[in-house]
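> would you be able to build a 3D model of this:
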Amino acid sequence: MWTPSSSNKALRPSVLAAASCCALAAVSALRAADEKPVLCVYDLASAFDKNELGKKTAEILRGHARRGGEYSLMVDIDREDLAEAHPLTPKLDTPEKDIAAHAREFYKAGRVLYGEIEKGKGDALKVTVRVLDVPPEGVPVEKLKKTYEAENKYTLPVVADAILADLAGRPSPLRRDKALPITYKIVTDNLVPNPSFEEADKDDANRPARWTDASVKKQSAWIARDGDAKPGDAKCLELHPDKEMAESYGLIWYSDYIPVEKAAAYILSMDLKAKGCSVIIWTKGYTDMNGEKRNTYKYQKRFYPEKGGAWEHWQTEPFVPRHPVANVQWVRVMLYAYCAEGKAWFDHIDLRKVEITSGETRKADFETKENATHGWQEKAMIEGDSKDLPKDPEEKK
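Reported below is the predicted structural model:
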């Protein structure tokens, strides 16, 4: 356990000292610039797997907190250097004064989040967190202490959203894996080229046509679908990331570019199953800028397996590919397997235009009242240099 006088002399002391100074200077400058609370999320304790799941959960919390924009957080590489030099994974009974002293000295944090994960029945998990406000001097004040139930490890992102919402005193965001009160009718056939991976590439008979493997390492297979394959519909795509790839880049496959209509709504569905690894399905939108297709839209939804490795039919809610100033002209479906070593299988990829008959699709950030003219500018909506991005129409008023 860390103590205020402890140190790790074996860990590149000069390098880590420099990193610590730079990191703390960066945090101080960031805090002075925007006055947001500096949040330190410690790795949660998970005794049943030597804190591995607790570490993953803390990474999810940091990511969601960073995207939420309510806090300042240390850059990951700097935080990792400090955590290596001065390790601390607090438990619920760790003295508050020790946690506060550690957070003040190394992270200059005004708020800290820590906790423990315990196994429940079956795949269920119990996540208990504490949040302390840490003044520059004096006794820390408890801001939140609560236990959350997770159906399985795949729903930990939902728990992270609930924790941050409770901390901010606002409702949890609507889960993207839960249906909206919306009805629609399908108005097109499937728009995805080679949706069931039956057609072979004309230049390589060992891979499916109209799909691109964008992974750093080739860890995929074009195989016969097991169990319920039919004549003429017998193939599927398998991604099998090893530990190195799962915990870094993950594995990525893209469909061909699919033309979409301005302001139109679409639904995406497919057959899926997974063992071990996590799966996210992305729909990425693109705009022609000086002859180059540039990424101007991103929509993602996670796959939460419920059938123990059997095939499941997965579907999004209706969504509208749009950007505050650019016209989204194409989309590509992106299949992504990551997080842990394992296998994921994909088949019957299906994208269709729909007509909304009641209710409405979720609003984008730039469409909400509070972010109508400026919220979108805080998030990178274009991949790469955005010099060609059309100007905000509000600037002309």
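
> can you pull up the bridge partners for residue 141?
residue 133 (DSSP bridges).

> do I have it right that it meets residue 130?
No - judged on C-beta atoms under 8 Å, residue 141 makes no contact with residue 130 at a distance of 11.4 Å. C-beta coordinates here come from the backbone N, C-alpha and C atoms, glycine included.

> between the two, point out the one with more neighbours.
For residue 141 versus residue 130, neighbours defined as other C-beta atoms under 10 Å are more numerous around residue 130 (20 against 13).

> surely the more buried one is in contact with residue 147?
No - the criterion here is C-beta under 8 Å, and residue 130 misses it with residue 147 at 10.5 Å.

> and the residue nearest to residue 152 when sequence neighbours are not counted, how far from residue 150?
Using C-beta to C-beta, 6 or more residues apart in numbering and skipping the chain neighbours, the partner closest in space to residue 152 is residue 123 (3.9 Å). As for residue 123, its distance to residue 150 is 9 Å (criterion: C-beta to C-beta, to the nearest Å).

> now swap in residue 265 and tell me
Separation of residue 265 from residue 150 (C-beta to C-beta): 31 Å.

> if we can go back for a sec, so who does the residue nearest to residue 152 touch?
Neighbouring residues of residue 123 by C-beta atoms under 8 Å, 6 or more residues apart in numbering: 151-153.

> all helices of the chain, in order?
Along the chain, the segments classed as helices by DSSP state H run 13-34, 52-68, 76-85, 96-102, 156-168, 243-246.

> what angle do the fifth one and helix 52-68 make?
Read that as helix 156-168. 60 degrees (axes from the mean of the first three to the mean of the last three C-alpha atoms, to 10 degrees).

> reformat the contacts of residue 123 as CSV; add neighbour count, distance to residue 242 and pLDDT.
Listed next are the contacts of residue 123 as CSV, based on neighbours: other C-beta atoms under 10 Å; distance: C-beta to C-beta, whole Å; pLDDT from 0 to 100:
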residue, neighbour count, distance to residue 242, pLDDT
151, 16, 27, 87
152, 14, 22, 89
153, 18, 19, 90
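
> settle this for me: residue 147 is touching residue 125, isn't it.
No - Residue 147 is not in contact with residue 125 according to C-beta under 8 Å; the separation is 10.6 Å.

> out of these two, which sits in the more crowded spot?
Using other C-beta under 10 Å, the more surrounded residue of residue 147 and residue 125 is residue 125, with 22 against 11.

> how about the nearest residue to the more buried one, chain neighbours excluded?
The spatially closest residue to residue 125, leaving aside those adjacent along the chain, is residue 150, at 4.3 Å (C-beta to C-beta, 6+ apart).

> what sits against that neighbour?
Residues in contact with residue 150, defined by C-beta under 8 Å, 6+ apart, are 124-127, 156, 158-159.

> which residues does residue 288 bridge with?
The partner list for residue 288 in beta bridges (DSSP bridges) reads residue 293.

> that one contacts residue 328, doesn't it?
No - counting by C-beta under 8 Å, residue 288 does not reach residue 328; the two are 10.4 Å apart.

> can you pull the buried residues of the longest strand along the chain?
In the chain, with assignment by DSSP state E, the single longest strand is strand 343-358. The neighbour-count check on strand 343-358 (16 or more other C-beta atoms under 10 Å) flags 343-354 as buried.

> check stretch 90-97 too.
Judged by neighbour count using 16+ other C-beta under 10 Å, the buried positions of stretch 90-97 are 90, 94, 96.

> list just the nearest of those to residue 113.
residue 90 (9.7 Å; C-beta to C-beta).

> ok, the closest one - contacts?
Residues near residue 90 by C-beta under 8 Å, 6+ apart: 42, 45, 98-99, 114.

> which members of those residues are classed as buried?
42, 45, 99, 114.

> show me how far stretch 331-340 is from its chain's centre.
What separates the centre of stretch 331-340 from the centre of its chain is 11 Å, taken as C-alpha atoms, centre = their mean, to the nearest Å.

> put the alpha carbons of that stretch into CSV.
Taking Å, rounded to 0.1, in the frame of the first residue of the first chain, the C-alpha atoms of stretch 331-340 are listed here in CSV:
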residue,chain,number,x,y,z
VAL,A,331,-21.8,5.5,-44.5
ARG,A,332,-19.8,2.4,-43.8
VAL,A,333,-20.6,-0.3,-41.3
MET,A,334,-17.6,-1.0,-39.0
LEU,A,335,-17.4,-4.3,-37.1
TYR,A,336,-15.1,-4.1,-34.1
ALA,A,337,-13.9,-6.8,-31.6
TYR,A,338,-11.7,-5.8,-28.7
CYS,A,339,-11.2,-5.7,-24.9
ALA,A,340,-10.3,-9.4,-24.3
